[in-house]
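Asker: just coords:
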C-alpha cells in the first residue's frame, strides 16, 4: 500500500510543475518580451466597413424597378469625441438637445472604440449643410452608403423593402456575418433573394492608438478586402402593365394577378390599396411604416397571396365540371333542368348542356353534377358514399394548386382552404353529414378559400389545358440571364387535356354573350375566355371575381381580378381584366368606355341582387 | 497491481452530544483551506469589478447592474450553502452518493430536452425570475461522489474488467450528455479524474501514454512532421544506445514507432475533419494566433497583449486599459485572469498561481489523511477538477492551451460555477472535519 501512497508526490509534483511553468511563461510575456506593451499602445484596430452595392432589379423589358441612391450616415466614435458642443450639434442636425444626448449614450453603450451610426440617412442637401461644420466635432464623420430608390411608384408589395437588421435577427445564427446597422431584406423580393442581392462587405483595418489617433493601415492593408456588389435580378413583371393595373385599382380594394401561362411568369401583381415604395427609403421610414401598418384598409396586407379566406364563388364551377368530366359522371352534352328548388338561380334558358351551364353559370346544373360526382354509389350508405366522394374529389382539387402553397418567390404565401371529410366530421360528427349538408361547394361557396394567385394559376391551367408552371416573379439572377431552374417544371392536374376543351368553349361564350361582356375584346380581334364569380361576404357587399385568359388559342396571358365589395364579377372585375389583357397584348387600350366605367367606380353603386 | 482489499470492521463511534459535535467540527476543520477559499473568492470579486469597470461611467461595486454586484449575491448565497454543507451529517455524502449522482444525470437529460439554446449550447436551465442554472457544473461534484463511493466498495476488484468498465461508465456518462448539450469544454473536465484513479492504483502506463499522446498531439501542431519523426527516432536510438538490453525488444519498439508515426499523420485529419469549425479555430489560434489576429486569433492575441502589458508590477487596480476598452472578450468570466495580469503584473499573477498550487497541494494532503477510501478518493477528485480548470483557464490566457470556455475556480463571475466549486470543496471540508469518527477504519 505504501507504494501507492507515494504517488501523491507525483501528483503534487505535477501541480507544482504546472505552477512553475506558468509563472515562467508569465515572466516571459510580462517582463522579458516588450512587444506586448507596444501592441497595447497601438492596440485599437479601427474597422471601416465598405458597404457593397445591393443588386438592382429590372422588369421583363429591361426597365429599372429598383436602384440604389446615395445616402449619408453621420458616424461617431465615442472615444474620439472631445469637448462636444451638444447645443451646436443639436441645432446643426435640427434635433432636440435631449435626443442628441440619448444618441450619444446609445453609441457609448454599443462600443467605446468602434464607430456606430449617430444619425441615419442624411440626404445630399443635409450633407452639404453639415459637412462644413463637422471639423469642429472630432469623433464624428460621414459614411456614404446607398439606400434603395425607385424610379416609379409601383409594385411595392412584391418588391418588399429593406431596413436595418433587428436585434432579434442578429442573435439568430442564420444571420451570421451581419452586423448591427446592416441593411437586410424584410419582405417581398428583397427578403426572398437577400442572399443574391446583398453582395459582400468590404473591410479596411486601421491601427488606432489608445487616444484614437490613426496610425496607418493594419499590417499594411494585408487583411483589407474590397466590397463585392450584389447580383442583379430580372423580374417577370411588365412595369407598364403593372402601373396600368394599379391605375385601374386605385381607390378600390382587391388584387390583380396576371401570369404568362406557358412559363408561370407573373406579369402583373397588384395588391390594392397600395403604397409608394419610396416611402420606406428615407429617414421617415419608421413613421411611414407605422402609419401604413395601422390603417383601416390594411394596406400592408399582401392580398394576392395572403387573402385566402374568401370562397372563390362561381369560378370554381369550372373546377367541378373538369373533375366531373374526368370521373365520367357527366359528358359535355349532359343536360339538367334549372330546378330552383334545389338552389336559387337567375333567369336563363333551361334545360342546358355543359356549355350553356358554364355560359349562364346555372347553379342547379352544378348542384346536380356535383351530386353525381360525390355520390357515385361506392358505398350503400349515403353518408359514407358522400365521404368517399368528397375525399376523392379533394385529392383532385389539390392537383390544381388549391389548398396548398404554390411556392411563389414572395414570402408570406397562404394555403387557402379545400373542404375535407375530416373537416365535416369534426363539425357534424362522423356519418352525420351528406350531400345536402355540403352542396354549397358545388357552386364555389362554403368551405373553400382561394387566394387571387391560386385563381390566376387556375387560369394558367385552363389556358395550358391541364398543367401549370409554379408562378414566380423573378426570371433570372446575375448576368447570365438564365431562367431559374426551380421554375421549369410542369405540374399536371388529374384531369385529362381533352376535357378542357368544352370548358374553354363555355368560357368563350361567357365573354361573348354571357355575364362578362365587359371583357369582350372581339373589336380588336382577341378572343377572351373568362368566368365571373361572386364571393359571398356576410360582412357587407359581396366580393367580385373574374378570371380569364386570352387569346383562346395559344394563350399569352391568364388573369385573376378580385374586387372587394365589387358585388358583380361581370360589372367590376371583368372590365378591369379586359383592359389589362388588351394593354398587355396590344400595348394600347381601345375599349375606352370600359376604362371610363372602371375609373368612375360606378359599379360600387349598383344595387346588390 | 491493485489495492489490497481491506476488511472494514462494522464498528461505529458512539454518538456524541450535539454540543460536542459542533465543537469538534470547528476544531477539526481545515482552516488553511477555508482561508484560501475566502481569499480567492474575495480577490475574484474585486477583479470582476475591475473587469467591468468603465472610467466613463463609474458604477458602485455593489450595484446590481454590473456583474460584481450580482456576484456578491452569489457569494452570500454560497456562505449559506457552506453552513448547510457543514451542518448536515457528513455520512450523508457517502450514503447518498448514488442518488445524488442519479438525480444529476436526470437533471442533465432534462436540460438537454427543455433548454433553449444560448450561443449554441443547450446547457442552461431557466428557473424563471431571470435565474439560470447550468447542471453541467453540478455534475462535477456528483460524479466525484459516485466515483469515490464506487472505489470504496469492499467487493471491488480493480483488475476485473467488468468493474473497470462500470467505473468508466460512472465517469464518462455525464460528460457524454454534456457534449450533447454542446458544452465540450465542461465535458473535458471529467478527463481530470484520471489523476484520482492513478492514486487509487491505476497503472502509471495510462498516465504516461495519455501524457505522451497529448504531448505528441501538440508537438505535431507546432513542429514540422519530419523533424518530429526524426527526433523521436533519434530518442529511441539513444535509449537503445544507453541500454543494449532494449535490443531484445526491438519488435515492440518498432511497433511503438509506427504507432507514433501513424498518430502524427492522423492529427491533421482529426483537426480538419473531426473537429467543428470553431474548435479548429481554437487549435489554430493556439499554434499561430498571428495568422488571423482579428478573427480566431483575437481572444488569444488580445488576452496576451493585456497580460503582457501589465509588466512586473502591473498598472494598478482599475487602471488597466486593454480590459477596460473591451479588447478582451469575456473579461469577467473566462478571461478574468487577464485583468489580474494587466493590473497586478507578474507579481500579482504569480501570487495567484501560488495560491492555487498551495490550495491543490493542501487538498492532496487532506485527502491523504482520510481514513476511508471514500474520503481519500473524493479529495483527489476535488483536487483533479480544480487543477484541470486552473490548468486550462490560465493556460489559454497565456497561449499555452487552446481556448476552452471553462471558468477559473472561485474567481470567475457566475453563480453556477461558484456554487459548484463551493459544494465540491466544502463536502471535502465536512468529511475531513469528521475524519476522527472514522478512527477505527484503518
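Answerer: Yep, it's here. On a predicted model such as this, the values are computed, not experimentally measured, just so you know.

Asker: mind giving me the domain ranges of the chain?
Answerer: In the absence of a named chain, chain A is used. As given by automatic domain parsing, the domain ranges for chain A are A:2-33, A:46-235, A:239-289+A:299-605.

Asker: try chain B instead
Answerer: B:18-202+B:275-441, B:203-274.

Asker: Now the stretch 501-609 of chain A against chain B: closest residue?
Answerer: residue A:539 (41.1 Å; Cβ to the nearest Cβ). C-betas here are computed from N, CA, C, even on glycine.

Asker: for that residue, helix, strand, or coil?
Answerer: Following DSSP: H, G, I helix; E, B strand; the rest coil, we place residue A:539 in the coil state.

Asker: Now it. Its backbone dihedrals?
Answerer: Backbone torsions for residue A:539, taken as degrees, to the nearest 10, come to phi -90, psi -10.

Asker: again, but for the one 10 residues further on
Answerer: According to degrees, to the nearest 10, the main-chain angles of residue A:549 amount to phi -150, psi 160.

Asker: From residue A:466, how far off is it?
Answerer: 13 Å (Cβ to Cβ, to the nearest Å).

Asker: the more surrounded of those two?
Answerer: Remark: of residue A:549 and residue A:466, residue A:549 carries more neighbours, 29 against 20, as counted by other Cβ atoms under 10 Å in any protein chain shown.

Asker: remind me which residues of chain B are low pLDDT?
Answerer: Along chain B, segments meeting pLDDT under 70 span B:1-24, B:54-58, B:119, B:129-130, B:158, B:222, B:285-298, B:319-330, B:438-442.

Asker: Repeat the analysis, applying 50 as the threshold.
Answerer: B:1-18, B:440-442 (pLDDT under 50).

Asker: now the strands: where do they sit in it?
Answerer: For chain B, the strands defined by DSSP state E cover B:125-126, B:132-133.

Asker: Need the contact partners of the first one.
Answerer: When you say that, I think you mean strand B:125-126. B:107, B:110-111, B:114-116, B:132-135 (Cβ atoms under 8 Å, 6 or more residues apart in numbering or on different chains).

Asker: looking at the domains of chain A, which is buried most?
Answerer: domain A:239-289+A:299-605 (a mean of 20; mean count of other Cβ atoms under 10 Å in any protein chain shown).

Asker: how distant is that domain from the center of its chain?
Answerer: 19 Å (Cα atoms, centre = their mean, to the nearest Å).

Asker: Please work out the average pLDDT along it.
Answerer: Per-region confidence: domain A:239-289+A:299-605 scores 92 on mean pLDDT.

Asker: for the stretch 401-550 of chain A, what spans make up the helices?
Answerer: A:421-428, A:435-438, A:452-464, A:500-513 (DSSP state H, counting those that start in this stretch).

Asker: Then the stretch 301-442 of chain B?
Answerer: Counting by DSSP H, counting those that start in this stretch, the helices of the stretch 301-442 of chain B are B:336-368, B:373-397, B:415-433.

Asker: coming back round to it: out of the domains of chain B, deepest packed?
Answerer: Comparing the domains of chain B by mean neighbour count (mean count of other Cβ under 10 Å), domain B:18-202+B:275-441 ranks first with a mean of 19.

Asker: circling back to that earlier point, using a markdown table, lay out the helices of the stretch 401-550 of chain A together with distance to residue B:275.
Answerer: Shown next, in a markdown table, are those (distance: least, Cβ to Cβ, whole Å):
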| stretch | distance to residue B:275 |
| --- | --- |
| helix A:421-428 | 49 |
| helix A:435-438 | 61 |
| helix A:452-464 | 47 |
| helix A:500-513 | 59 |
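
Asker: Name the nearest residue to the residue of chain B at minimum distance from chain A, ignoring sequence neighbours.
Answerer: Nearest to chain A, among the residues of chain B, is residue B:308, at 2.4 Å (Cβ to the nearest Cβ). The shortest distance from residue B:308 to any non-neighbouring residue, by Cβ to Cβ, 6 or more residues apart in numbering or on different chains, is to residue A:36 (2.4 Å).

Asker: in which helix or strand would I find that neighbour?
Answerer: helix A:35-41 (DSSP states H and E).

Asker: average pLDDT for that helix?
Answerer: 70.

Asker: ok, now which ones touch residue 90?
Answerer: Defaulting to chain A. A:96-97, A:99-100.

Asker: Please refer instead to chain B.
Answerer: Neighbouring residues of residue B:90 by Cβ under 8 Å, 6+ apart: B:430-431, B:433-434, B:437.

Asker: ditto for residue A:226
Answerer: Counted by Cβ under 8 Å, 6+ apart, residue A:226 has contacts A:50, A:202.

Asker: if we go to 6 Å?
Answerer: Residue A:226 makes contacts with residue A:202, as judged by Cβ atoms under 6 Å, 6 or more residues apart in numbering or on different chains.

Asker: Any figure for the gap between it and residue B:233?
Answerer: From residue A:226 to residue B:233 the distance is 49 Å (Cβ to Cβ).

Asker: same question, residue B:100
Answerer: 50 Å.

Asker: What residues are bridge-paired with residue A:164?
Answerer: residue A:183 (DSSP bridges).

Asker: for chain A, longest helix please?
Answerer: Ranked by residue count and defined by DSSP state H, the top helix of chain A is helix A:7-27.
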